[in-house]
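Chemist: Coordinates for the following, if possible.
(one chain, ligands or ions: 2)
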Amino acid sequence: MDFVNKSKTVTIIGMGDFGRALAKRLLRFGYSVTFGGLNPNSHKISPLDPLFSQTLITSTKSAIRANEVVFLCISVVHFQHFAEKYKAALSRKIVVDVSNRVKDFYVTNSNAEFLQSLLPDAIVVKAFNVVSAYVMEGNSVQNSRVVPVASNHSLARQAIIDLGNEAGFRPYDAGMLSNSGSIELNSTRMFSKWKVPVVTAAAVYALWWLFVAYVDFIRKVNFTWEQVFLRVANKPLCMTAITLLALTYLPGCLAAMYQLVNDTKYHQFPKWLDSWLAARRQIGLVAFALTSMHVYISTLLLRPTYFPSWFNCSGLAPGLDGSDTWMNWKGELSCLTGLLGMLAMCVLAVITIPGVTDSLNWAEWRFLQSKCGCLTLLFSTGHAWVMGAPVWMNYISWVDVLTSETFVSSFLPALVVVLRVIQSLPFIRHSLIRIRKGQIEDNPSLTTITTDTSQVSRKAPGDISKLTYTDQTTSLSEKQQQHPNRTPAQAVGSEDIQGPSPSSGDHSRVISTKDSRAQSKDILVCENASAAKSPRSQTVVKRTDDDIRVRVTNLADREVASPLITSGNESDSCEELVSRV
Ligand SMILES: NC(=O)C1=CN([C@@H]2O[C@H](COP(=O)(O)OP(=O)(O)OC[C@H]3O[C@@H](n4cnc5c(N)ncnc54)[C@H](OP(=O)(O)O)[C@@H]3O)[C@@H](O)[C@H]2O)C=CC1
Ligand SMILES: [Cu+2]
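Modeler: Ligands and ions are numbered 1, 2, ... in the order given. Modelled structure (predicted):
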């Protein structure tokens, strides 16, 4: 079987929306397509479309025979019927399963594994199910979709990755077919990363609403009910935005504190902190959306009757049109701090757009994230304080202060600012830099193992967030999502951790563990799992029949080591670890 598809010919079974869109994309990139369908004579392919003029449309059987690579663009519901009929013809062919889950049609594990069980002699590859027919058909290949490709056969997987690359996608090796379950789930699960941030925002907004209702309608009556839609609703909106902003930067401070307390970056964060770090991007974007709304509403209402303390008036005959009023320092400074905060937030939001993220190098991205984040917090807190501080001075009791909306809502952001200032003090900063560098003295017994994904069940990018990272203030899962072609190790700039690699496109999962028996600077080499040799050699590469390999290294390579995922015990030796992997 020729896995290098030099002839650039493929078969597509199913002339529905997806099959046609896929054919168009492949034809555009120089492939020849043979279509096979149930009814080759009644299909929706327009003979007038010049793209399809050279396309052969034939019976399913002839189409399968025509090429080594067969895209199966039919619903999973028809798999069984299809397989029964064409099992023999598909023997030793690469069958690409593009299907997504169908409600009420139950399959164990995944559609792809179901198909593989129906076609045991074929090589099933899961790919392209994350791309919609609409996107597939589109002309634009800029920012094209990241496509996970999974199969039990590494050469077939590579052939489809090559094809995806040629067709303008960003395919990546997603390991074994057993990972198709999460690939299929990730492509149909709705807004899974947004649920917690949105629910948190709604809960915070509801709490601030209750607070505002108590302060402005029960404790004192400051507004009429007619103003609840904009003027009053704008208050909890602003308070929620600033709280979410603080919640975006607080976990970074907590992570730094955790590292300082443990004096190492190689301790796993608690699970809640891990999830919180991974959700920062979404929380920040929700904060940005609410801030934008707050700015629009405030601009609509910006007049002396709504914000009397922001304006001076001549005092003679205040006109209804505000013609004899002008903004005082408080009004001007509130607006300025608010707008500067919004500007910094816009920069933060823009750099989360994948195209922009890709155009920045790691240093630029980190600089903007960190500095604009700090500025946003400072300006937003300043905005609340400019509005509130002149009033706080006149308060006589603590109850007044504690029922001040500006004071209460700016408490958390101010705390984050203070934490960040403390963490930037020279002696604390140096400790953090030392810890994050992962110096050898840190933990001289540390061992890192990388394994090829075909060995361990590799997670799709969405699931990589479940692995631990200790990457300064930036979550690995975040960078992994932004650079899905990088392995977790690569995501922190450790390209060479994989050592001598026969196929550079392979992705690795990094597992760390402690090896109390490994001596510092000793690296264990094993040509295969059962022959762990000298503890003073250079690299560990295990190759079995296919492409499975393991590399064990110790702290001599640690400056390129990735954030760590714990597996194994204190007492495990390298040999045991290798044999277990
Ligand atoms: N549409 C999309 O955006 C996406 C679709 N997918 C997946 O792609 C697959 C196809 O989807 P889509 O194109 O939208 O569906 P359609 O219903 O538009 O097309 C399905 C096609 O499959 C044909 N077909 C059904 N059974 C067989 C069979 N036994 N042999 C040959 N052909 C058969 C149908 O033929 P006939 O018309 O004669 O019944 C029809 O042309 C699905 O598994 C879906 O999950 C994945 C990602 C996105
Ligand atoms: Cu405001």
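Chemist: which residues are contacting the helix or strand harbouring residue 26?
Modeler: Under the criterion of DSSP states H and E, residue 26 resides in helix 17-28. Here helix 17-28 makes contact (C-beta atoms under 8 Å, 6 or more residues apart in numbering) with 10, 12-13, 33, 35, 44-45, 51-52, 54-55, 71, 73, 98, 128, 133-134, 136-137, 163, 167-168. The C-beta positions use only the backbone N, C-alpha and C, and glycine is treated the same way.
Chemist: Contact residues of the stretch 51-200 of the chain facing ligand 1?
Modeler: By the rule C-beta under 6 Å from any ligand atom, the part of the stretch 51-200 of the chain lying against ligand 1 is 60, 73-76, 78, 81-82, 98-100, 129, 132-133.
Chemist: of all those residues, which comes closest to ligand 2?
Modeler: Distance ranking of these against ligand 2, using C-beta to the ion, places residue 132 first at 39.1 Å.
Chemist: Tally up the residues packed near the closest one, please.
Modeler: Neighbours of residue 132 under the rule other C-beta atoms under 10 Å: 15.
Chemist: still on that earlier bit, state the next helix or strand along the chain beyond the helix holding residue 26.
Modeler: Going down the chain from helix 17-28, the next helix or strand is strand 32-37, by DSSP H and E.
Chemist: Check which helices and strands the helix or strand following that following strand sits against.
Modeler: Using DSSP H and E, the helix or strand that follows strand 32-37 in sequence is strand 56-59. Applying 3 or more C-beta pairs under 8 Å, 6 or more residues apart in numbering; DSSP states H and E, we find strand 56-59 packed against strand 32-37, helix 60-66.
Chemist: Now do the shortest one, average pLDDT.
Modeler: Confidence over strand 32-37 (mean pLDDT, whole number) is 90.
Chemist: how about the CA coordinates for that strand, as PDB?
Modeler: Taking Å, rounded to 0.1, in the frame of the first residue of the first chain, the C-alpha atoms of strand 32-37 are listed here in PDB:
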ATOM      1  CA  SER A  32      -8.200  14.500  -8.500                       C
ATOM      2  CA  VAL A  33     -11.400  13.300  -7.000                       C
ATOM      3  CA  THR A  34     -13.500  10.200  -7.800                       C
ATOM      4  CA  PHE A  35     -17.000  10.400  -6.400                       C
ATOM      5  CA  GLY A  36     -18.900   7.400  -5.400                       C
ATOM      6  CA  GLY A  37     -22.500   7.500  -4.400                       C
END
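Chemist: Counting by contacts, list what that strand packs against.
Modeler: Using 3+ C-beta pairs under 8 Å, 6+ apart: strand 32-37 touches strand 9-13, helix 17-28, strand 56-59, helix 60-66.
Chemist: which of the ones you listed sits most buried?
Modeler: Burial among the helices and strands packed on strand 32-37, expressed as mean neighbours by mean count of other C-beta atoms under 10 Å, is greatest for strand 9-13, which shows a mean of 23.
Chemist: what's in contact with it?
Modeler: Outside of strand 9-13, the residues that reach it under the criterion C-beta under 8 Å, 6+ apart are 19, 22-23, 26, 31-37, 60, 63-64, 66-67, 69-74, 82, 163.
Chemist: near ligand 2, from those residues?
Modeler: Near ligand 2, taking C-beta under 5 Å from the ion as the test, no member of the contacts of strand 9-13 is found.
Chemist: Can you give me every residue that contacts the one residue in the chain that gets nearest to ligand 2?
Modeler: The minimum distance from the chain to ligand 2, using C-beta to the ion, falls at residue 238 (4.3 Å). Residues in contact with residue 238 (C-beta under 8 Å, 6+ apart) are 291, 294, 298, 409.
Chemist: nearest to residue 183, of these?
Modeler: The closest of those to residue 183 turns out to be residue 291 (C-beta to C-beta; 35.1 Å).
Chemist: element containing the closest residue to the closest one other than its chain neighbours, please.
Modeler: Nearest non-adjacent residue to residue 291, counting by C-beta to C-beta, 6 or more residues apart in numbering: residue 241, 4.4 Å away. Element membership of residue 241 [criterion: DSSP H and E] is helix 234-262.
Chemist: just residue 387 next, same as before
Modeler: If you go by DSSP H and E, residue 387 is part of helix 362-392.
Chemist: same thing with residue 121?
Modeler: Residue 121 is part of no helix or strand when elements are defined by DSSP H and E.
Chemist: What residues does it make contact with?
Modeler: Residues near residue 121 by C-beta under 8 Å, 6+ apart: 87, 90-92.
Chemist: Most neighbours of all those, which one?
Modeler: The residue in the contacts of residue 121 with the most neighbours, by other C-beta under 10 Å, is residue 90 (24 neighbours).
Chemist: So, low pLDDT: which residues of the protein?
Modeler: In the predicted model of the chain, residues 1-6, 40-48, 139-144, 314-323, 438-581 satisfy pLDDT under 70.
Chemist: Only whichever of the contacts of helix 17-28 are buried, select them in ChimeraX.
Modeler: With 16 or more other C-beta atoms under 10 Å as the burial test, the buried ones among these are selected in ChimeraX as follows:
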select :10,12,13,33,35,45,51,52,55,71,73,98,128,133,136,137,163,167,168
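Chemist: near ligand 1, which residues of the protein show up?
Modeler: By C-beta under 6 Å from any ligand atom, the residues of the chain that approach ligand 1 are 13-19, 37-39, 60, 73-76, 78, 81-82, 98-100, 129, 132-133.
Chemist: how long is stretch 21-36 end to end?
Modeler: Stretch 21-36 has its terminal residues 15 Å apart, counting by C-alpha to C-alpha, to the nearest Å.
Chemist: I meant stretch 109-124, not that one.
Modeler: 15 Å.
Chemist: So which bits of the stretch 251-400 of the chain are right by ligand 2?
Modeler: Within the stretch 251-400 of the chain, the positions near ligand 2 by C-beta under 5 Å from the ion are residue 338.
Chemist: that older thread, reformat the contacts of residue 238 as TSV; add distance to residue 257 and neighbour count.
Modeler: Shown next, in TSV, are these (distance: C-beta to C-beta, whole Å; neighbours: other C-beta atoms under 10 Å):
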residue	distance to residue 257	neighbour count
291	27	25
294	30	22
298	35	19
409	23	27
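Chemist: Any buried residues in stretch 223-243, and which?
Modeler: Neighbour counts over stretch 223-243 (16+ other C-beta under 10 Å) mark 231-243 as buried.
Chemist: for those, which one is nearest residue 111?
Modeler: Nearest to residue 111 among these, counting by C-beta to C-beta, is residue 240 at 40.9 Å.
Chemist: residues contacting the nearest residue to residue 234 once chain neighbours are set aside?
Modeler: Spatial nearest neighbour of residue 234, chain neighbours left out: residue 297 (4.5 Å); criterion: C-beta to C-beta, 6+ apart. By C-beta under 8 Å, 6+ apart, the contact set of residue 297 is 230, 233-234, 237.
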